[in-house]
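Visitor: Mind looking at a prediction? Sequence and model below.
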Amino acid sequence: MKSIVVLHHLLLFFFLLFSHVSSWKKEEFRNCNQTPFCKRARSRKPQHCNLIATDVTINDGDLVAKLITPNRFEQNPDQNSTDFQPNPLILSLSVYQDGILRFKIDEDPVYNPPKKRFQVPDVVVSEFESKKLWLQRYTKGVIDGESFFVYLFDGYEAVVRSDPFEVFVREQSSGKRVVSFNTHGLFDFEQLRVKKEGDEWEERFRTHTDSRPFGPQSISFDVSFYGADFVYGIPEHATSLVLKPTKGPGVEESEPYRLFNLDVFEYLHESPFGLYGSIPFMLSHGKSHGTSGFFWLNAAEMQIDVLGTGWDAESSIVLPSDQKRIDTLWMSEAGIVDAFFFIGPKPKDVVKQYASVTGTSAMPQLFATGYHQCRWNYRDEEDVKNVDSKFDEHDIPYDVLWLDIEHTDGKRYFTWDRALFPHPEEMQKDLFSRGRRMVTIVDPHIKRDDNYHIHKEASKNGYYVKDASGKDFDGWCWPGSSSYIDMVNPEIRSWWADKFAYSEYVGSTPSLYIWNDMNEPSVFNGPEVTMPRDALHYGKVEHRELHNAYGYYFHMATSEGLLKREGGKDRPFVLSRAFFPGTQRYGTVWTGDNIAEWEHLRVSVPMILTLGLTGITFSGADVGGFFGNPDTELLVRWYQVAAYLPFFRGHAHHDTKRREPWLFGERNTELMRDAIRVRYTYLPYFYTLFREANVTGVPVARPLWMEFPYVEATFNNDEAFMVGTGLLVQGVYAQRARDATVYLPSDHTWYDLRSGTAYKGGKTQKVEVTDADIPVFQRSGTIIPRKDRFRRSTVQMENDPYTLVIAVDGSGSAEGELYIDDGKSYEFKEGAYIHRRFIFSNGMLTSVNLAPSTSKFESDCTIERIILLGHTTKSKTARIEPSNQVTDIELGPLQIRSGVRSSVLTIRKPNVRVSDDWNIKLL
Ligand code: NOJ
């Protein structure tokens, strides 16, 4: 009997596995029409909401009001007598420093709702509360009805209009609106109910039934962005940077943008369907207002429509016609309204405002910013040794070698297949002896095997997510029958974190880091390949309420584990596939199972830029495409583009041909080597930018409009991007391209870093392209630090000297920064770092200290070359102070690379220490 059951399970497993790895199946996933809350919300007409804000008071520094339905002022707070009648809701609105408005709408506990609705904990950083401005009073006035005004920020106020209920932010002097909520009256809040006989709340999708024990509980509303030309954000979708309208006159009607973390194999490159992660944060940008943002902290399934102009023509709502506007509709299956308005008005203000709520990104270790080599799977220790030594043989730098699921003993994470990997510690130590690290995969599904220690402890301690009947949820994933750790519980997270201790994770060493995959969570036999919505978490929270945050908690717990194992001294590196607001504090993400096609290379850029705009700057896409075999040209181009994106990893599915960079003939090896080397030369610049992201939230890779907010031509450009303020990278996304059309913004001069050629900004330039590289330009007025010596990994580069590339602007000036710390610990938090500002002006370069004067961090690194772009001088020498030495100025190469023969002015061997104050004057 037992063997029949095993056989049946095996067959089921292979069936699921097979059906899972074939291409994307639309019918496996619900569309809006098959999702009742979405269908209902989408069919509502403007002015549907008839709520009135009443009983407005100031309480504990917040503005508080009741939202009631007219004629129900005299509410009987008895649940039974209010069946099918909505109870009043509670609105509370708070103001925070720097132009942030937060407001919550929830059920009023006075009416005894059957349970407390889920509010997502652990996302808003604790420092945020200290930024609250305690409201003392409101003023009353009339704007299309009685309204209540509170101070928000210099020149801005928040307004709550009573009837019909609306919340908005406006400029005080002009009265111009910035962002608004419920302007179109699409607000709807389905209140929890107690099930009675005859209530049919179950929802069916394919073979699955969702019991929905509390009935429908969705929330929907409209948000309008004023002065907006475009809206952006709300990852993760494989779409353009600009979010195209999904509905409205003249718009090709599509599904709304879906936010529901899903394991989507072979996703389409142009689709609003939900992928692995969700961030309900949208930014708008336009010429007239600038930038503003809206963030809804809610972890349930969400669907968002961007409404085309004129969608509301039939309503009688009149809005200022001199303000261009984009309206959006937000729909979520559960939770509460916990919403934030960010007033901007510059793009960097909005990302900083968002970062002050959800945190800035963790400072990565230096090694993590190098190149990563992954494959499903490097087979065994010999394979690992071989791949590692080939990098050396071919002189290609890399920092990390990755092991996918096959390295484990039967997909039991924290174990090794001892036949294939008999000496894991020696293997890691050997890699580390050459400065390289290893990453292994640890997924959240736990094999239900009584001999597996993780399963034994988790089941004994009740650490698994429960199914609707209260039993440990049992689903299918890589190991077969699996249960899922309930990471929402802090106690369980702490237990999980302890599993990364070297004594627990046998075979791990300090140079081993972690990859969290399948954490949407992926459940092969679950509805839409995930966990049923009525599964239960700690605190009786239904899975539907926190689905989008599940992977976030798993990532958090793993990151805490790496922190713990080294007593809080070593910065964790954990890559995660699922994400949620706040993920940036715990690690890195990648864009999942893309395809080896040109269009996927193309869409990887807006996907990564969008992640950066919404807080997660350390992200990347599988280089080469996960599925399929890229032709060699595509693979080379992919390396060339990805070398400038924050997270740089080659990865491939097990069915693909091997594609390490040396397998395509000498010329192609050279091209991929060059692309990876270029990345390594820019690591000082990247690291400086990661530090900026860590302090401010401003991303490393930026859409052009973030740097050029007034230049309209940049607003929907997602083929090019900025790395910091200095580099503009134009991807090449087509076969046999021999030229590229590049828009170079503003009145800057742009220096082509392949040749040193200067281009005038403010226009579109057509530039030549060869197979050797993609067009990359340095903006005039910037100074970029590099390390130009070729090494095997970041470790070997530690003491290498720097090159500074100065591109002067029209007035002969330029500025840039360099940040250095030990690259691994948290001592930088105590001020142990070097931070310099380089200022070039009037023929003199000065290095100014930005670090605390008490900084204990030392470096003997020097500056070995200074390249001057755009500077016309007859000087043949330069004087260095305070040493009073004179050095030569000569012509030299712009880049040290095969086949690049440009000659640019170079101050040779100034050999000043990077940590010292000095200046260099052209004589
Ligand atoms: C799915 C991930 O997206 C992919 O990168 C990985 O190789 C496989 N799971 C196997 O672990």
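Guide: Here it is on my side, so go on.

Visitor: drop to CA atoms for contacts and neighbour counts, all remaining ones
Guide: Noted.

Visitor: could you pull out the strands for the stretch 651-800 of the chain?
Guide: When assigned using DSSP state E, counting those that start in this stretch, the strands of the stretch 651-800 of the chain occupy the ranges 701-702, 720-723, 727-730, 739-744, 749-752, 758-760, 763-768, 776-779, 782-786.

Visitor: Mind putting the ones you listed into CSV with distance to the ligand?
Guide: Output for the strands of the stretch 651-800 of the chain, formatted as CSV (distance: least, C-alpha to the nearest ligand atom, whole Å):
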stretch, distance to the ligand
strand 701-702, 23
strand 720-723, 25
strand 727-730, 26
strand 739-744, 31
strand 749-752, 35
strand 758-760, 40
strand 763-768, 35
strand 776-779, 29
strand 782-786, 31
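
Visitor: Can you name the residues of the stretch 401-550 of the chain sitting close to the ligand?
Guide: Selection of the stretch 401-550 of the chain residues close to the ligand by C-alpha under 6 Å from any ligand atom yields D404, I405, D517.

Visitor: would CSV of these with neighbour count and distance to W918 be doable?
Guide: Formatted as CSV, these follow (neighbours: other C-alpha atoms under 10 Å; distance: C-alpha to C-alpha, whole Å):
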residue, neighbour count, distance to W918
D404, 21, 49
I405, 21, 52
D517, 27, 48
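
Visitor: can you tell me which of these are in helices?
Guide: Among these, no residue falls in helices (DSSP state H).

Visitor: Give me the spatial nearest neighbour of the residue of the stretch 801-923 of the chain found nearest the ligand, chain neighbours excluded.
Guide: Per C-alpha to the nearest ligand atom, K824 is where the stretch 801-923 of the chain lies closest to the ligand, at 25.8 Å. Spatial nearest neighbour of K824, chain neighbours left out: Q365 (4.7 Å); criterion: C-alpha to C-alpha, 6 or more residues apart in numbering.

Visitor: Touching, that neighbour and D821? I think so.
Guide: No. Using C-alpha atoms under 8 Å, Q365 makes no contact with D821, being 9.8 Å away.

Visitor: re the thing from before, take the residues of the stretch 401-550 of the chain next to the ligand and write them to JSON lines, including pLDDT.
Guide: Putting those into JSON lines (pLDDT from 0 to 100) gives the following:
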{"residue": "D404", "pLDDT": "98"}
{"residue": "I405", "pLDDT": "98"}
{"residue": "D517", "pLDDT": "98"}
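
Visitor: and L563, helix, strand or coil?
Guide: Secondary structure, DSSP: H, G, I helix; E, B strand; the rest coil: L563 is helix.

Visitor: For R42, which three-state class applies?
Guide: Three-state assignment for R42 (three-state DSSP): helix.

Visitor: pLDDT score for the residue nearest to K824?
Guide: According to the prediction, Q365 has pLDDT 98.

Visitor: Which residues are in contact with it?
Guide: Q365 makes contacts with R571, P572, F573, G823, K824, S825, as judged by C-alpha atoms under 8 Å, 6 or more residues apart in numbering.

Visitor: ditto for L635
Guide: L635 touches V623, G624, counting by C-alpha under 8 Å, 6+ apart.
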